[in-house]
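[1] What would the 3D arrangement of this be:
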Amino acid sequence: MDPIKLIASIIVTKLINTYFMSIQIEGKDLNKFIMVGDRILIKPRSPLERTKTGLFLPPGVQENEKIQSGYVVKVGPGFPIPAVIDDNETWKKNEQVKYIPLQPKEGDLAVYLQNNSFEIQFNEERYIVVSQVAILFLIRDENLFQ
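    So this is what the prediction gives:
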């Protein structure tokens with residue numbers, strides 16, 4: 001292989017890995033994942049293979065879209081609320097943290113911005129971690145999994 005092509009391919013690979021921020025995690029149980037703060041774990045929907053008119057889409061077209069969708073798998077506790085400390089009773093410690101809960105619930109269909117997401121691979125499946133701020137809207141169907 002030509003050394004210039006080799007160097008170019010290494011640079012392109014590093015740029016792609018830096019831009020898309022993908023990480024692989026090995027494990028057995030997805031239930032051991034604990035989402036922190038306002039983070040949400042999403043299982044992306046499988047990409048469309050055809051357009052509405054029937055044209056076949058080449059691989060990778062759906063992944064380049066700025067807006068993606070997927071199903072919410074896990075939700076973090078929410079935004080922490082600072083503890084109210086009475087100035088007269090500084091000896092009391094209130095270590096119980098309270099949170100403002102997040103809007104998404106497990107099973108919701110979330111439409112989110114691709115630029116504000118991080119991809120992880122777990123047991124050869126693709127998942128996305130996003131902040132609640134990156135979610136544009138949710139579709140909640142109570143009868144979806146029944």
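
[2] hey, let's count contacts and neighbours off CA atoms from now on
    Will do.

[3] what are the ranges of the strands in this structure?
    For the chain, the strands defined by DSSP state E cover 22-25, 39-44, 67-75, 79-81, 98-100, 109-113, 117-122, 125-131, 135-139.

[4] So which of those is the most surrounded?
    For these, the largest average neighbour count (mean count of other C-alpha atoms under 10 Å) is found in strand 39-44, namely a mean of 24.

[5] Which strands or helices does that one pack on?
    Judged by 3 or more C-alpha pairs under 8 Å, 6 or more residues apart in numbering; DSSP states H and E, strand 39-44 is in contact with strand 67-75, strand 125-131.

[6] I'd assumed residue 108 was in contact with residue 135.
    No: under the criterion of C-alpha atoms under 8 Å, residue 135 makes no contact with residue 108, lying 11.5 Å away.

[7] about what we covered before: how about the strands of the chain, which one is nearest residue 54?
    strand 67-75 (20.7 Å; C-alpha to C-alpha).

[8] any idea of the angle the closest one forms with strand 117-122?
    Strand 67-75 and strand 117-122 are oriented at 60 degrees to each other (axes from the mean of the first three to the mean of the last three C-alpha atoms, to 10 degrees).

[9] Can you name every helix or strand that strand 67-75 contacts?
    Packed next to strand 67-75, using 3+ C-alpha pairs under 8 Å, 6+ apart, are strand 39-44, strand 109-113.

[10] now what about the last one, what contacts it?
    Pointing back at strand 109-113 there. 42, 66-72, 104, 130, 134-140 (C-alpha atoms under 8 Å, 6 or more residues apart in numbering).

[11] how far off strand 39-44 does it point, in degrees?
    100 degrees.

[12] pLDDT averaged over strand 109-113, what's the number?
    Per-residue pLDDT over strand 109-113 has a mean of 93.

[13] Tell me the strands beside it, with direction?
    If you go by DSSP bridges, strand 109-113 pairs up with strand 67-75 (antiparallel), strand 135-139 (antiparallel).
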